[in-house]
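Trainee: sharing a model that was predicted from the sequence below.
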Amino acid sequence: MCRNIHPLHNFEPAATDDEVHAAALQFVRKVSGSTKPSKANAEAFDRAVHEIAHITRHLLDDLVTHAPPKDRDIEAAKARARAEKRYATFSA
């Protein structure tokens, strides 16, 4: 149900609204324990995603750092290398 929520701060280019929304959606799914809410809960679920995405955007806009921005392609390659090492199959 839950993919990892990826860090969004200090990337060039900055996180898109779609990335922020996806992170908010994953957070709400994890907290609620539901990937798709019932009709009775859909409004509350959608409102929570919207509000969390909104405040996350404010957070990202307000954070400051002196570190150089990270490159998405390099970070993705590092993640793939970690996954390959973690899930490597060993032949006996």
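Mentor: Yep, it's here. It should be emphasised that the depicted structure is a prediction, and the values quoted were computed from it without experimental measurement. Numbers count the residues shown, from 1 in each chain.
Trainee: CA only for contacts and neighbour counts going forward, please
Mentor: Noted.
Trainee: now do the strands in this structure.
Mentor: Ranges of strands in the chain, per DSSP state E, are 11-12, 70-71.
Trainee: for those strands, give me CSV that also has distance to residue 77, mean neighbour count and mean pLDDT.
Mentor: As requested, the strands of the chain are exported to CSV (distance: least, C-alpha to C-alpha, whole Å; neighbours: other C-alpha atoms under 10 Å; pLDDT from 0 to 100):
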stretch, distance to residue 77, mean neighbour count, mean pLDDT
strand 11-12, 15, 13, 90
strand 70-71, 10, 13, 92
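Trainee: dump the ones you listed into TSV; add distance to residue 23 as well.
Mentor: As requested, the strands of the chain are exported to TSV (distance: least, C-alpha to C-alpha, whole Å):
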stretch	distance to residue 23
strand 11-12	15
strand 70-71	18
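Trainee: can you check which of those gets nearest to residue 54?
Mentor: strand 11-12 (18.6 Å; C-alpha to C-alpha).
Trainee: which residues are in contact with the closest one?
Mentor: Residues from elsewhere that reach strand 11-12 (C-alpha atoms under 8 Å, 6 or more residues apart in numbering): 69, 70, 71, 72.
Trainee: buried ones in the longest helix seen in the chain, by neighbour count?
Mentor: Identified as the longest helix of the chain according to DSSP state H is helix 39-62. Neighbour-count burial for helix 39-62, counted by 16 or more other C-alpha atoms under 10 Å, picks out 45, 48, 49, 50, 52, 53, 56, 57.
Trainee: related to what we said a few turns ago, so which of the strands of the chain is nearest residue 39?
Mentor: Comparing the strands of the chain by C-alpha to C-alpha, strand 11-12 comes nearest, at 36.8 Å.
Trainee: I'm done for today, thanks for sticking with me.
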